[in-house]
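Peer 1: structure for this input, please:
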Amino acid sequence: MIVNEKEDHFIMIPQHEHAYISGLLVFNWKKNFLLRSKLREEADWAIRQHDRAWIPLDDHPLWNEEKQRPYSFTDYPVKEKLEAYQRGISEVASQSLYAGILCSKHYVSFFSEDSEDPLVINFLSEEKDRQRELFELMEMDVPYDIFDLHFRRLQFCDDLSLYVCMQDAGIPKDEEVAWFKNGFRQSFDFAPAGMIAHWEDETHVSVHPFPFEQPFEVRIPYRIVSKKEISEKGLEEAYQEAEWHSKHIGFIRQQ
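Peer 2: Prediction:
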């Protein structure tokens with residue numbers, strides 16, 4: 001769950017809805033930046049499905065007593081999160097071996113190889129074994145540069161979707177989430193120094209260099225969950241009863 005706290009309510013966006021926006025980003029990717037192929041179609045599908053692990057967790061949001069707010073994807077209990085990750089990867093891999101590999105690598109990238117948490121150590125080991133097995137089942141050689149490009153594109157579309165979901169529309173650059181202030185971490189042939197986004201106003205985000213075929217718009221669905229309702233009914237009931245809202249954000253070239 002993506003959780004943005006306000007004075008008397010929380011704005012809550014399910015992870016799978018954010019992933020749908022990631023899928024729209026890659027759908028609008030410039031055609032001449034990457035040749036279309038069956039492998040690319042599976043990589044694009046992975047981007048749309050990369051957070052399906054969160055569907056059952058976000059259907060039943062949990063309350064963080066220590067922080068007095070709902071758990072978000074950044075602080076969700078590790079054991080339950082890792083179990084969900086592995087379940088989600090299995091679901092994706094059952095439909096596309098290549099998509100399963102990409103999603104597995106994406107989740108693995110969240111954790112340090114130097115972690116001393118036994119749950120994390122076991123997760124990393126099992127997922128690396130899974131990736132090797134899935135590559136063997138594919139029975140084809142995927143050039144490293146192609147795989148790496150597909151993986152970086154997944155991460156960029158994930159990050160840019162988070163950029164518009166985690167922040168107030170129109171927020172000044174110096175107040176942005178630290179992850180994004182200095183641009184995105186992924187580089188591409190057309191953006192060797194990476195890309196950077198700016199809120200031009202409350203409904204438009206510019207991206208430079210512009211990776212998309214043309215300007216386009218996405219819809220971000222969210223629920224406004226009252227703190228008063230949470231205190232009276234509990235988080236899950238208050239969340240399920242909250243109405244859906246949406247905002248539209250346009251991606252444009254730098255002005």
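
Peer 1: where does the protein have low pLDDT?
Peer 2: For the chain, residues meeting the criterion pLDDT under 70 lie at 33-36.

Peer 1: in it, which spans are strands?
Peer 2: Ranges of strands within the chain are 2-5, 9-13, 63-64, 69-70, 196-199, 204-208, 216-226, 244-253, based on DSSP state E.

Peer 1: pick the most deeply packed of those strands.
Peer 2: Mean neighbour count, computed with mean count of other CB atoms under 10 Å, is highest for strand 9-13 among those, reaching a mean of 21. C-betas here are computed from N, CA, C, even on glycine.

Peer 1: just list what it packs against, helices and strands only.
Peer 2: Here strand 9-13 touches strand 2-5, strand 69-70, strand 216-226, helix 227-233, going by 3 or more CB pairs under 8 Å, 6 or more residues apart in numbering; DSSP states H and E.

Peer 1: now it - C-alpha only, CSV.
Peer 2: Listed next in CSV are the C-alpha coordinates belonging to strand 9-13 (Å, rounded to 0.1, in the frame of the first residue of the first chain):
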residue,chain,number,x,y,z
HIS,A,9,-7.0,11.3,6.8
PHE,A,10,-4.8,9.0,4.9
ILE,A,11,-4.6,8.7,1.1
MET,A,12,-4.2,5.0,0.3
ILE,A,13,-3.3,3.6,-3.1
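
Peer 1: now the angle from it to strand 244-253?
Peer 2: Orientation check (axes from the mean of the first three to the mean of the last three CA atoms, to 10 degrees): strand 9-13 against strand 244-253 gives 60 degrees.

Peer 1: what does strand 9-13 rub up against?
Peer 2: Contacts with strand 9-13, where a contact means CB atoms under 8 Å, 6 or more residues apart in numbering, come from 1-5, 61, 69-70, 165, 220-227, 230, 239, 242.

Peer 1: that strand pairs with which strands, and in what direction?
Peer 2: Under the criterion DSSP bridges, strand 9-13 sits next to strand 2-5 (antiparallel), strand 216-226 (antiparallel) in its sheet.

Peer 1: which residue is the nearest non-sequential neighbour of the residue nearest to the spatial centre of the chain?
Peer 2: Nearest to the mean C-alpha position of the chain, by CA atoms, centre = their mean, lies residue 158 at 3.8 Å. Nearest non-adjacent residue to residue 158, counting by CB to CB, 6 or more residues apart in numbering: residue 22, 5.3 Å away.
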